[in-house]
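Student: let me see the structure of the following:
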Amino acid sequence: MIRTSDGDTRRIQLEATPVADFYHQTMQALDELGLQTRIQARPDEVEQAIPFAEDTEHADYDPDAVQLALLLGDGFGLHSAAAYYSQDNGQFLLPYEDVRTADDPDRALQQFVHTAYEAVAERGVWDRAALEDDPTRWDQHR
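Tutor: Residues are numbered from 1 along each chain as shown. Now for the predicted structure:
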């Protein structure tokens, strides 16, 4: 689900579908919501980086196979031994393999995501009190 701050939503089904179809559905939903979104429209860290809009070859969806890469930029000081800043990708990465083999994978991932959120919120001067006030505030719009 994509939800705007004024409560408008669009849903995209997470299922086995070609990457190109998912990409087009996602970009269309963002456009319908008036969200101008710029993304790097090709995968990172793969040998054959087929642009998303052209990838009709891959159609797998496995909710248990998670790789995390947060687009944060340099200088955030994340507190994770496995996380690193990739100059090539211009982002901090936490490799899936490091999470999978951690003594406590859930904690490793949670720590990375938490410190990433903290860093972005602080650097972006977010109004965290308003953002984090009531996690159920959008339920009425579902």
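Student: tell me where the protein has strands.
Tutor: Counting by DSSP state E, one finds strands in the chain at the ranges 2-3, 9-10, 68-70, 84-86, 91-94.
Student: hey, least reliable of those strands by pLDDT?
Tutor: Mean pLDDT is lowest for strand 68-70 out of those, coming in at a mean of 38.
Student: please state the offset of stretch 33-44 from the chain centre?
Tutor: Relative to the centre of its chain, stretch 33-44 is centred 11 Å away, using CA atoms, centre = their mean, to the nearest Å.
Student: list the buried residues for that stretch?
Tutor: With burial defined by 16 or more other CB atoms under 10 Å, the residues of stretch 33-44 counted as buried are L33, P43. Using the backbone N, CA and C atoms, a C-beta is placed for each residue, glycine as well.
Student: same question for stretch 26-33.
Tutor: T26, M27, A29, L30, L33.
Student: now the first one: closest residue in space that isn't a chain neighbour?
Tutor: For T26, ignoring the flanking residues on the chain, the nearest one in space by CB to CB, 6 or more residues apart in numbering is I12 at 5.7 Å.
Student: and for the fourth one?
Tutor: With CB to CB, 6+ apart as the measure, T37 is the residue that lies nearest to L30, at 4.8 Å, once sequence neighbours are left out.
Student: surely the one you found touches Q28?
Tutor: No: T37 is not in contact with Q28 according to CB atoms under 8 Å; the separation is 11.1 Å.
Student: tell me the contacts of the closest residue to P51 other than its chain neighbours?
Tutor: Excluding its sequence neighbours, the residue lying closest to P51 (CB to CB, 6+ apart) is R42, at 4.7 Å. By CB atoms under 8 Å, 6 or more residues apart in numbering, the contact list for R42 reads A49, I50, P51, F52.
Student: for R107, see how far away R42 is.
Tutor: 32 Å (CB to CB, to the nearest Å).
Student: what of R3?
Tutor: From R3 across to R107, the span is 28 Å (CB to CB).
Student: who's more crowded, these two?
Tutor: R3 (14 against 11; other CB atoms under 10 Å).
Student: which one is that one nearest to, not counting chain neighbours?
Tutor: Take R3 and drop its neighbours on the chain: the residue closest to it by CB to CB, 6+ apart is T9, 4.8 Å away.
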